[in-house]
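Novice: I would like to see how this sequence folds:
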Amino acid sequence: MASVINSKQTNHWIILILLALAQFMVVLDISIVNVALPSIQRAFSLSNTNLQWIITAYTLAFGGFLLLGGRNADYFGRRLTFLAGITVFSLASLGTGLSQSGTMIIVFRAIQGLAAAYMSPAALSIVLVTYREGQERNVALSVWGAVASGGAAVGVLLGGIITQYLSWRWNFFINVPVGIFIIITSLRILDKHKTEADQKSLDLPGAISATGGLMALVYVLTEGPTVGWGSPRILIILALSIILLTFFIINERRARIPIMPLHIFRIRNVSGADGLMLFMAAGLFSVFFFTTLYLQNILHYSPVKTGLDFLILPIVIALVATNVPRLIKLVGHKPILVVAPLLVSGGLFWTSHIPVHGSYWGNVAPGLVLMGMGMGALFVSITIAATSGVPHHEAGLASGLLNTAQQIGGAIGLAVLTGVLTSTTAHYLQTHAHAGSAQVITAATVHGFQNGYLVASSFGVFASLLAIFVIRIQKAKSDPSHPQTEIEALSM
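Specialist: Numbers count the residues shown, from 1 in each chain. Model prediction:
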């Protein structure tokens, strides 16, 4: 009997390793491509405007369909959704690696993001039902969180090694054998799950209209500075974005089971935390994008050296994040949410002074350290804020909205800041003689980076103001029998 129990426990930890590996792939593919961007740019002669879509296509599709993916797992089975997600993710990774143009990469990256939006919440839901509530589940979630946060750190270093010694294509090919291993093992050890839901109703119109509207908006923000804001193409796509996002809001108010129940935003902590995360992600996504291009294209660092130089960021984040819970016990999460965004803004402001002939330790590292301190304090505190004051039966929804805000905010922010980079660079070239010379082009690009970082630094100020005026210190409600009453009380 004891051997049967031990075998079951061992199997549970194998399941955790398997699912954590899948989540590691999802997080890895957000960061691993950053260091490879200059190589991809040279391979297909992409502009900075088109290059950012390699990041944006993934994050927009991921964020736009994340809540739908979670609902799909509940309605049609966790294992089936997980297997479908990892299969499509692996095939899209293969397609990305085999791409023969920038457009092909962007399309396959969007498919990757869509697959990740189904794979990630399904994997987490399997973890939640596999482990008993209490110490066992806490340990499992700690492992899950460590893998998720470690994926970004490993991604920049692994991406540099693979790009330099193999090819940028292997950043995507590597997912294929790992995906095959996960699929085969999952079929053997994961239990089948049949939905407990009586009615299987997915808010597909809501997911498609939200993602389509956001993609159209990002396109306008990206291409507007180059094409011209009065261009018929820009105006038509902007109108399409407004129509789709308006339809999304109307649909969410009328849908029987909406993908994003709007009533939850009446809880001040939810709306405040999501807005705060939106602003912070909008500024932080530019760090990897701009800094990678600066280190490799301006300072001529190798991909491996670039990856190593980024490691200071996750190290500082880890050191701060492990100590923040003690500080929260003393002062609460609100003061930290006021100060942490300002630290990030300070780091971005420092980096906005990067020169053409700069150095890593003098011009980049101090900014990354400040940003790491702010991010380490922010991520723990904002999770607490996003779920405090929320009825327990809606805590999962609140967490999902926070992740969605992070991905969508990053995509929109990167589009805005890339537009700043493009327009600033073009204006610099127009106002300087000998604009075709290599030195002037380099100076113009660095000037674009400077302005991009400077605008990004302002986002943290807005986030801090949200924390001051919107976030409240509020204990969670545990009684699910009167959710509407709780929401009304919390929104007063």
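
Novice: Please parse this structure into its domains.
Specialist: Using automatic domain parsing, the domain parsing of the chain gives 1-191, 203-258, 264-492.

Novice: Mean neighbour count and mean pLDDT for the ones you listed - can I get that in JSON lines?
Specialist: Using the backbone N, CA and C atoms, a C-beta is placed for each residue, glycine as well. Converted to JSON lines, those look like this (neighbours: other C-beta atoms under 10 Å; pLDDT from 0 to 100):
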{"stretch": "domain 1-191", "mean neighbour count": "20", "mean pLDDT": "83"}
{"stretch": "domain 203-258", "mean neighbour count": "17", "mean pLDDT": "87"}
{"stretch": "domain 264-492", "mean neighbour count": "20", "mean pLDDT": "83"}
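
Novice: pretty sure residue 455 is touching residue 418, no?
Specialist: No - with contact defined as C-beta atoms under 8 Å, residue 455 and residue 418 do not form a contacting pair (10.8 Å).

Novice: so what secondary structure elements neighbour the helix or strand hosting residue 105?
Specialist: Using DSSP states H and E, residue 105 falls within helix 102-130. In terms of contacts (3 or more C-beta pairs under 8 Å, 6 or more residues apart in numbering; DSSP states H and E), helix 102-130 is packed against helix 2-44, helix 48-51, helix 53-76, helix 78-97, helix 135-165.

Novice: what angle separates the longest one from helix 102-130?
Specialist: Pointing back at helix 2-44 there. Between helix 2-44 and helix 102-130, the angle comes out at 160 degrees (axes from the mean of the first three to the mean of the last three C-alpha atoms, to 10 degrees).

Novice: about what we covered before: tell me how far the helix holding residue 105 is from the chain's mean position?
Specialist: 12 Å (C-alpha atoms, centre = their mean, to the nearest Å).

Novice: Could you do stretch 101-111 as well?
Specialist: Centroid separation for stretch 101-111 versus its chain: 18 Å, with C-alpha atoms, centre = their mean.

Novice: contacting residues around residue 405?
Specialist: Going by C-beta atoms under 8 Å, 6 or more residues apart in numbering, residue 405 touches 63, 274-275, 277-278, 281.

Novice: Inside helices: which ones of the residues you listed?
Specialist: Filtering these for membership in helices, criterion DSSP state H, returns 63, 274-275, 277-278, 281.

Novice: Isn't residue 382 up against residue 275?
Specialist: No - taking C-beta under 8 Å as the definition, residue 382 is not a contact partner of residue 275, at 10.6 Å.

Novice: Is residue 257 in a helix, a strand, or coil?
Specialist: What DSSP: H, G, I helix; E, B strand; the rest coil gives for residue 257 is coil.

Novice: excluding its backbone neighbours, what's nearest the most centrally placed residue in the chain?
Specialist: Nearest residue to the geometric centre of the chain (C-alpha atoms, centre = their mean): residue 407, 3.7 Å. What sits nearest to residue 407 in space, not counting adjacent residues and going by C-beta to C-beta, 6 or more residues apart in numbering, is residue 63, at 2.7 Å.

Novice: From residue 117, how far off is the one you found?
Specialist: With distances taken as C-beta to C-beta, to the nearest Å, residue 63 is found 8 Å from residue 117.

Novice: which among the ones in helices among the contacts of residue 405 gets closest to residue 101?
Specialist: Nearest to residue 101, judged by C-beta to C-beta, of the ones in helices among the contacts of residue 405 is residue 63 at 25.1 Å.

Novice: so who does the closest one touch?
Specialist: Taking C-beta under 8 Å, 6+ apart, we find residue 63 in contact with 113, 117, 403-408, 410-411.

Novice: Can you list which of those residues are found in strands?
Specialist: Under the assignment DSSP state E, these contribute nothing to strands.

Novice: Could you save those residues as JSON lines and add columns showing distance to residue 226?
Specialist: Output for the contacts of residue 63, formatted as JSON lines (distance: C-beta to C-beta, whole Å):
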{"residue": "113", "distance to residue 226": "24"}
{"residue": "117", "distance to residue 226": "29"}
{"residue": "403", "distance to residue 226": "31"}
{"residue": "404", "distance to residue 226": "29"}
{"residue": "405", "distance to residue 226": "28"}
{"residue": "406", "distance to residue 226": "27"}
{"residue": "407", "distance to residue 226": "25"}
{"residue": "408", "distance to residue 226": "23"}
{"residue": "410", "distance to residue 226": "21"}
{"residue": "411", "distance to residue 226": "18"}
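
Novice: Of all pairs in the residues you listed, which one is the farthest apart?
Specialist: Spatially, the most separated pair among those is 113 and 405, at 15.6 Å (C-beta to C-beta).

Novice: out of the ones in helices among the contacts of residue 405, what pair is the most spread apart?
Specialist: Of all pairs drawn from these, the greatest distance, 14.9 Å, lies between 63 and 275 (C-beta to C-beta).
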